[in-house]
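In: Return a 3D structure for these sequence lines:
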Amino acid sequence: MYMTSTINKLFNYVLEMRKYGEEADNHPELESELKIKWEQIIDELKSKKQEHSEAVEKEILQLKAAGQDINPYDQNQNFSLLHFVIGGFLDTKLLQHFTITDIKDPNDFLAIAIYNDNIEAVQWLLDNGVSPNAQDEDGDTMLQLAVWNDESGEIVKLLIDRGADINAQNAYGHTALQAALPAHDIAIIEFLLEKGADVNIKDKYDSSALDKIFIRCYEYGKEIIIPDDIRLKFLKLLIDHGAQVTPKEISQTMWYDFQYESTKSQALLLMLGSAKEIKIDMESYSVRQFFTDENNIKALFAADGYEEHKAIAKANLLKNLQDYSQNHHDQKVLDITQLVEQEIDLSTTEIAENNELPDQLYYKVELSGDTAIDTIDAA
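Out: Below is the predicted model:
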């Protein structure tokens with residue numbers, strides 16, 4: 001294979017990095033030391049990007065003039081010159097010398113460009129016919145890769161503008177919206193929702209985006225700490241865009257280990273107050289114990305914010321308690337039902353006196369001839 005000096009030097013960098021990787025696999029005790037050496041090579045490549053780019057451009061022209069392949073490929077390393085450009089180690093202006101036919105696996109290159117947050121390379125690949133709906137070797141969509149790696153959000157927008165299916169699922173059934181939680185980028189989440197992301201799509205484990213909010217997220221074996229306020233914002237966004245709250249999500253939220261206990265009350269308030277007829281799994285002993293604990297109920301309705309959700313949340317909770325009492329005699333349930341009724345009576349009185357929340361729903365819960373009103377139409 002014909003290669004000139006700088007191009008050959010670049011391939012030697014790759015060879016050295018692969019060697020360190022293999023040594024780390026064979027000698028785990030040396031992994032930290034070898035990782036430092038590997039990162040030193042990366043740093044050197046980045047620091048010499050301009051120098052290498054200028055030299056490589058001259059060599060590309062020499063190769064072209066000699067009728068040689070301008071995209072040398074090392075079959076043993078499965079690496080070509082274009083990998084350095086797409087990966088961000090050489091200036092993307094070098095792409096002007098190439099065509100899409102110089103690439104053996106365009107989809108793989110698009111994934112590499114996105115992983116390295118190289119929007120110029122992504123643009124070039126899309127301009128040359130690479131599909132925005134391609135998937136990488138692991139089955140992840142390009143949009144999901146962009147959600148994970150695109151710091152500015154511009155690649156996400158570019159892919160959608162070029163026709164990426166916003167609701168495409170990977171091998172596990174995850175969508176870009178579901179993948180957005182570990183990135184905890186509210187702007188990206190808002191953008192995906194504005195563009196029509198379906199909040200209720202289920203993955204192969206029967207989980208929706210709502211289920212992803214209150215689970216622990218890990219990357220490379222390390223837990224990603226997502227602040228409570230981010231989780232709450234994500235929850236409200238999903239609910240505002242039609243997410244369906246089921247007993248499963250309520251149970252998950254009950255037992256999630258929040259950074260602050262008050263966040264649990266706010267999250268449950270958002271869920272229970274999201275719509276009429278929200279169901280709670282009162283047949284579950286642990287769920288019933290939670291919702292018949294006076295301290296939990298008082299904390300729920302004393303939670304700061306989300307005042308517009310409290311009236312419907314109270315009515316939904318009362319309805320679930322009353323439904324359970326129809327077929328079961330449980331004194332704790334009866335006691336807490338009375339407490340919730342008192343909360344509802346207090347709320348309706350305050351609303352009537354203060355003329356507050358004029359747009360609240362007139363929502364009645366009827367059972368055995370009794371009527372509990374969560375709020376009244378102040379208008």
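In: Can you tell me what sits against whichever helix or strand residue 22 is part of?
Out: Taking DSSP states H and E as the definition, one finds residue 22 inside helix 5-26. Under the contact criterion CB atoms under 8 Å, 6 or more residues apart in numbering, helix 5-26 has outside partners 3, 30-31, 34-35, 37-38, 41-42, 44-45, 52, 55-56, 59, 72, 74, 77, 79, 81, 84, 89. Every residue, glycine included, has its C-beta placed from N, CA and C.
In: Please name the nearest non-neighbouring residue to residue 49.
Out: Excluding the flanking residues, the one nearest residue 49 by CB to CB, 6 or more residues apart in numbering is residue 89, at 6.1 Å.
In: and the residue most central in space within the chain, what does it touch?
Out: For the chain, the residue nearest the mean C-alpha position is residue 180 (1.7 Å; CA atoms, centre = their mean). Residue 180 is in contact with 147, 188-189, 192, counting by CB under 8 Å, 6+ apart.
In: Which strand or helix spans it?
Out: helix 176-183.
In: helices and strands around the helix or strand that contains residue 191, which ones?
Out: Per DSSP H and E: residue 191 is located in helix 186-194. Judged by 3 or more CB pairs under 8 Å, 6 or more residues apart in numbering; DSSP states H and E, helix 186-194 is in contact with helix 154-161, helix 176-183, helix 228-240.
In: low-confidence ranges in the stretch 151-300 of the chain?
Out: Under the criterion pLDDT under 70, the flagged ranges of the stretch 151-300 of the chain are 183.
In: what's next to stretch 321-334, contact-wise?
Out: 282-283, 288, 291-292, 336-337, 340, 365, 367.
In: now it: how far from the chain's centre is it?
Out: Chain-centre distance of stretch 321-334: 39 Å, with CA atoms, centre = their mean, to the nearest Å.
In: returning to what we had before: and the helix holding residue 22, what's buried?
Out: Across helix 5-26, burial judged by 16 or more other CB atoms under 10 Å covers 6-7, 10-11, 13-14, 17, 20, 24.
In: cool, and stretch 179-189?
Out: Quick answer for stretch 179-189 (16+ other CB under 10 Å): 179-181, 183-185, 188-189.
In: quick one: which of those residues is nearest to residue 256?
Out: residue 181 (13.2 Å; CB to CB).
In: re the thing from before, I'd like the contacts of residue 180 as TSV, with distance to residue 122 appended.
Out: Converted to TSV, the contacts of residue 180 look like this (distance: CB to CB, whole Å):
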residue	distance to residue 122
147	14
188	16
189	21
192	18
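In: of all these, which two lie farthest apart?
Out: Maximum pairwise distance in these, criterion CB to CB, is 9.1 Å, between 147 and 189.
In: From the contacts of helix 5-26, list the buried ones, please.
Out: 3, 34, 38, 45, 52, 55-56, 59, 72, 79, 81, 84, 89.
In: Of the residues you listed, which belong to helices?
Out: If you go by DSSP state H, those have 34, 38, 45, 52, 55-56, 59, 81, 84 in helices.
In: For these, work out which two are farthest apart.
Out: 34 and 59, at 30.4 Å, using CB to CB across these.
In: Domain parsing of the chain, as residue ranges.
Out: 1-76, 105-243, 245-379 (automatic domain parsing).
In: Indicate which one of the ones you listed is closest to residue 98.
Out: domain 1-76 (6.5 Å).
In: What are the boundaries of the strands in the protein?
Out: Assigned by DSSP state E, the chain shows strands spanning 73-74, 79-80, 217-219, 222-224, 364-367, 370-373.
In: and the spatially closest residue to residue 113 that is not a sequence neighbour, how many neighbours does it have?
Out: With CB to CB, 6+ apart as the criterion, residue 113 has its nearest non-adjacent residue at 3.8 Å, and that residue is residue 121. A count of nearby residues for residue 121, using other CB atoms under 10 Å, gives 23.
In: Having no further points to raise, I will conclude here.
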